[in-house]
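Novice: predicted model and sequence follow; I will ask about them next.
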Amino acid sequence: MSWGTELWDRYENIEKHTKFGIDFVERYQTFVKDRCRIENEYASSLRKLAKNYTLKEKENKNGYTYTWSKQFGNLVKEVNDLAGQHEIISESLMTDIVRAAEDLIKEVKSERKKFLQEGAKVHAALQASLKAQEQAKKNYETTHKAAENAKQKYQEAEADMNLPRAQVEKARLHMTQKVQNCETCRNDYVLQLENTNTHQRDHYSNTMPHVFEQLQNLDEHRIDTLAELYKKFAENHRKVIPIISTCLDGMTAAGNAVNHTEDSQSVIERYKTGLEPPDDIPFIDLSKEDDNISTGSGNSTTPSGYTKTGTLTVGGGTGRNKEKKKRLKIPNFGFHKQFHSFIIKPDEKEDFSDLPPNQRRKKLQQKIDEFSEKLQGHMKAREALVKMKDVYTKNPALGDPNSIDTQLNQNGKDLDTTRAELQKFETYLAEMDGKTSTPQGTPKKDRPKSQQVETNANLYSSSPSGASSPCSSTVSQRTSTISQRSSMVSPEASSVASPQTELDTSVNSSYQDEWGDDDEPEPTAGSGLEMVLYRTKVMYDFKPNSDGEMSITADEVLDVIETDSGDGWTKVRRGGNEEGYVPTSYIQRQ
């Protein structure tokens, strides 16, 4: 089956057919481009959808912490991943199909042009041969007619007895010439006809079929390539189906992870106030009340904790102090609709005392966690600054060691401020839980059992300000507690970690004496010297300001016998028996 033998007389149709094939490839290329555009638009819409419905941090704080809200966030993430797969489909189609189709179109156009030019050249040669044959035929016909006329005239002249012999001879010579010319044209015509026939046979049996076969092969190559592009169109989509299935499985898993029991418990934990339901409403004897009013008696039948308007004040205080009391409105028509609403002031108090007990505890714990994280960050930053200064000191070419002092000073202030804030909120939490607080790092043997929690103003009146050297602001804070440290013997007493923070030491270590540490053996003066924990190098000079502190000099190496319990002071020993407290920020562990 060959175009050369079957379609020998359809050259123009083959030319049109190959042109239509190229146009169809271009059409398919446009189709794939439109598909890529649609995939990109769909992916963009999915990403926009996921972005619009992704839970923001503010929304999470406002209550989107339940399993149904968290799993919705996971579902939105899977939708975002699904958008990525559609982007991959678009990119693959553009790379594997659109560019391949473009290369195919260029190739087919170039080869088709070359083959058509070759066919046109062969066809032109055949047409020239046919034209020469026609011209030779015309010449032969003309000379043959002229020879016939000359022959007829000679016969007439020879038959006419009146014509001179010379005219007859002239007619004979003319006839002979015309016959010779006719014979020559006849021979030329025969030769040209033979050549034309030979050329024509070769044209339709060899030359033109070869051109047709080349065009046929080119068209079949176009068809095969187009078929492969059809397959790639499906394969590019099939490649991402496993990932799409994974995304869909993730959505199903999000649905399976929703737990109504856990969500119900979360609602309880979020909104539980910790208050007790009100007692029964007491009977108010109006006759006695009238008697009291008439006699001017100061006694009232209104129960303690209630106002005459039917308002229950939390904490049993009077209903007049509206600014300081958070109240529960109790409708006068009965207690079947108890605790109608909390009246919460817009301005939240620093210690969250305006909140119900459970919610206050959560807020305080959040603040403790926040400042604990900040404290760890400041401590890490200080370690980095100290290391940098040490590097600058060893190699001055890298930088000036004194340039780090300003940053160290600021870091010291930040550490003091953060420690103060952390201790403040832990004190609030301790007050709420009914615990007492003692100065940081005070040995158990020196802690008074009945020591009361200090007020915020007294605890933090020595907050750092204007420190000129790292942690110098802690000197004033140290002054209020150093008198209790002077008799310290054992460092273990103040090293118990607090349950509220994840720091190595806690500002609430002093509470352990009141809450279950009574079984721990107390250190005594007869225990000997305290154990050395590790050695440390002094970074800056320090002069003591009160009893219990020890003077140190830069580059001096000391033994640490008690670590910093959160107040910024570390107990060290020099030589055999000289001990005292120094600022933690002035030393660096070796």
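Specialist: Sure, I can see it.

Novice: hey, where'd the helices end up in the stretch 301-450 of the chain?
Specialist: 357-394, 405-432 (DSSP state H, counting those that start in this stretch).

Novice: typo on my end, it should be the stretch 51-200 of the chain
Specialist: 57-61, 67-93, 99-159, 165-202.

Novice: quick one, the longest one and helix 67-93 angle?
Specialist: By that I understand helix 99-159. Here helix 99-159 runs at an angle of 30 degrees relative to helix 67-93 (axes from the mean of the first three to the mean of the last three C-alpha atoms, to 10 degrees).

Novice: tell me the angle helix 99-159 makes with helix 165-202.
Specialist: Using the same axes, to 10 degrees: helix 99-159 against helix 165-202 is 160 degrees.

Novice: average pLDDT across helix 99-159?
Specialist: Throughout helix 99-159, pLDDT has a mean value of 91.

Novice: that older thread, nearest to residue 221, out of the helices of the stretch 51-200 of the chain?
Specialist: Taking C-beta to C-beta, helix 99-159 is the member of the helices of the stretch 51-200 of the chain nearest to residue 221, at 7.6 Å. No exception for glycine: its C-beta is placed from N, CA and C like everyone else's.

Novice: and that closest one, how far from the chain's centre?
Specialist: 76 Å (C-alpha atoms, centre = their mean, to the nearest Å).

Novice: returning to what we had before: could you dump the helices of the stretch 301-450 of the chain into JSON lines and include distance to residue 276?
Specialist: Shown next, in JSON lines, are the helices of the stretch 301-450 of the chain (distance: least, C-beta to C-beta, whole Å):
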{"stretch": "helix 357-394", "distance to residue 276": "11"}
{"stretch": "helix 405-432", "distance to residue 276": "16"}
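
Novice: redo the ones you listed as a markdown table? Include mean pLDDT, distance to residue 98 and mean neighbour count.
Specialist: Formatted as a markdown table, the helices of the stretch 301-450 of the chain follow (pLDDT from 0 to 100; distance: least, C-beta to C-beta, whole Å; neighbours: other C-beta atoms under 10 Å):
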| stretch | mean pLDDT | distance to residue 98 | mean neighbour count |
| --- | --- | --- | --- |
| helix 357-394 | 88 | 51 | 17 |
| helix 405-432 | 89 | 57 | 21 |
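
Novice: so which of the ones you listed comes closest to residue 572?
Specialist: Taking C-beta to C-beta, helix 357-394 is the member of the helices of the stretch 301-450 of the chain nearest to residue 572, at 16.9 Å.

Novice: which other helices and strands contact that closest one?
Specialist: helix 405-432 (3 or more C-beta pairs under 8 Å, 6 or more residues apart in numbering; DSSP states H and E).

Novice: can you say which of the helices of the stretch 51-200 of the chain is nearest to residue 543?
Specialist: Among those, helix 57-61 comes nearest to residue 543, with 47.6 Å by C-beta to C-beta.

Novice: and after the helix or strand that contains residue 235, which helix or strand comes next?
Specialist: Using DSSP states H and E, residue 235 sits in helix 208-256. Remark: after helix 208-256, the chain's next helix or strand is helix 260-271, criterion DSSP H and E.

Novice: helices and strands around that next one, which ones?
Specialist: helix 67-93.

Novice: angle of the helix it packs on against helix 260-271?
Specialist: Going by the same axes, to 10 degrees, helix 67-93 makes 120 degrees with helix 260-271.

Novice: between helix 67-93 and helix 208-256, what angle do the directions make?
Specialist: 170 degrees.

Novice: tell me which residues in helix 67-93 are buried?
Specialist: 67, 69-73, 75-83, 85-90, 92-93 (16 or more other C-beta atoms under 10 Å).

Novice: same question for stretch 215-224.
Specialist: 215-216, 218-219, 222.

Novice: separation between residue 225 and residue 562?
Specialist: For residue 225, the distance to residue 562 equals 83 Å [C-beta to C-beta, to the nearest Å].

Novice: nope, residue 392 is what I was after
Specialist: Using C-beta to C-beta, we find residue 392 at a distance of 31 Å from residue 562.

Novice: same question for residue 349.
Specialist: 36 Å.

Novice: what about these two, which has more around it?
Specialist: A side-by-side neighbour count of residue 349 and residue 562, using other C-beta atoms under 10 Å, places residue 562 first with 26 against 12.

Novice: thought the more buried one was touching residue 573?
Specialist: No - Residue 562 is beyond contact range of residue 573, at 9.5 Å (criterion: C-beta atoms under 8 Å).

Novice: overlap in contacts of the two?
Specialist: Shared contacts of residue 562 and residue 573 (C-beta atoms under 8 Å, 6 or more residues apart in numbering): residue 530.

Novice: make TSV out of the helices of the stretch 51-200 of the chain and add distance to residue 360.
Specialist: Shown next, in TSV, are those (distance: least, C-beta to C-beta, whole Å):
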stretch	distance to residue 360
helix 57-61	17
helix 67-93	24
helix 99-159	66
helix 165-202	108
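
Novice: ranking the ones you listed by burial, who's on top?
Specialist: Ranked by mean neighbour count, these are led by helix 67-93 with a mean of 18 (mean count of other C-beta atoms under 10 Å).

Novice: determine how far that helix lies from the middle of the whole chain.
Specialist: Per C-alpha atoms, centre = their mean, the centroid offset for helix 67-93 relative to its chain is 12 Å.

Novice: which elements pack onto that helix?
Specialist: Applying 3+ C-beta pairs under 8 Å, 6+ apart, one finds that helix 67-93 contacts helix 11-53, helix 208-256, helix 260-271.

Novice: distance to residue 156 and mean pLDDT for the ones you listed - can I get that in TSV?
Specialist: TSV is the format used below for the helices and strands packed on helix 67-93 (distance: least, C-beta to C-beta, whole Å; pLDDT from 0 to 100):
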stretch	distance to residue 156	mean pLDDT
helix 11-53	54	93
helix 208-256	53	92
helix 260-271	132	87
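
Novice: relative to residue 128, which of the ones you listed is closest?
Specialist: The closest of the helices and strands packed on helix 67-93 to residue 128 is helix 208-256. By C-beta to C-beta, the value is 14.8 Å.

Novice: so where's the stretch 451-590 of the chain shaky on pLDDT?
Specialist: 451-529 (pLDDT under 70).

Novice: just to revisit the earlier point, for the buried residues of stretch 215-224, which one is nearest residue 134?
Specialist: residue 215 (29.5 Å).

Novice: tell me the pLDDT of residue 325.
Specialist: Looking at residue 325, the pLDDT reads 39.

Novice: and the end-to-end length of stretch 1-19?
Specialist: 21 Å (C-alpha to C-alpha, to the nearest Å).

Novice: and that stretch, how far out from the chain's middle?
Specialist: Distance of stretch 1-19 from its chain centroid, counting by C-alpha atoms, centre = their mean, is 59 Å.

Novice: could you do stretch 383-394 as well?
Specialist: Taking C-alpha atoms, centre = their mean, one finds the center of stretch 383-394 at 36 Å from the center of the full chain.

Novice: could you find the closest non-adjacent residue to residue 24?
Specialist: In this structure, residue 24 finds its nearest non-sequential neighbour in residue 226, 7.8 Å apart by C-beta to C-beta, 6 or more residues apart in numbering.

Novice: ok, residue 168 next?
Specialist: Counting by C-beta to C-beta, 6+ apart, the residue nearest residue 168 is residue 157, at 4.8 Å.

Novice: contacts only, for that neighbour.
Specialist: By C-beta under 8 Å, 6+ apart, residue 157 lies in contact with 163, 167-168, 171-172.

Novice: same question for residue 207.
Specialist: Residue 207 neighbours (C-beta under 8 Å, 6+ apart): residue 122.

Novice: with the one 3 residues further on instead?
Specialist: Shown here is residue 210, whose contacts under the criterion C-beta under 8 Å, 6+ apart are residue 4.

Novice: so residue 262 touches residue 67, yeah?
Specialist: Yes - using C-beta under 8 Å, residue 262 makes contact with residue 67 at a distance of 5.4 Å.

Novice: what's stretch 124-137 in contact with?
Specialist: With contact meaning C-beta under 8 Å, 6+ apart, stretch 124-137 is reached by 185, 188-189, 191-193, 195-196, 199-200, 203.

Novice: switch to 7 Å and redo it
Specialist: With contact meaning C-beta atoms under 7 Å, 6 or more residues apart in numbering, stretch 124-137 is reached by 188-189, 192-193, 195-196, 199-200, 203.
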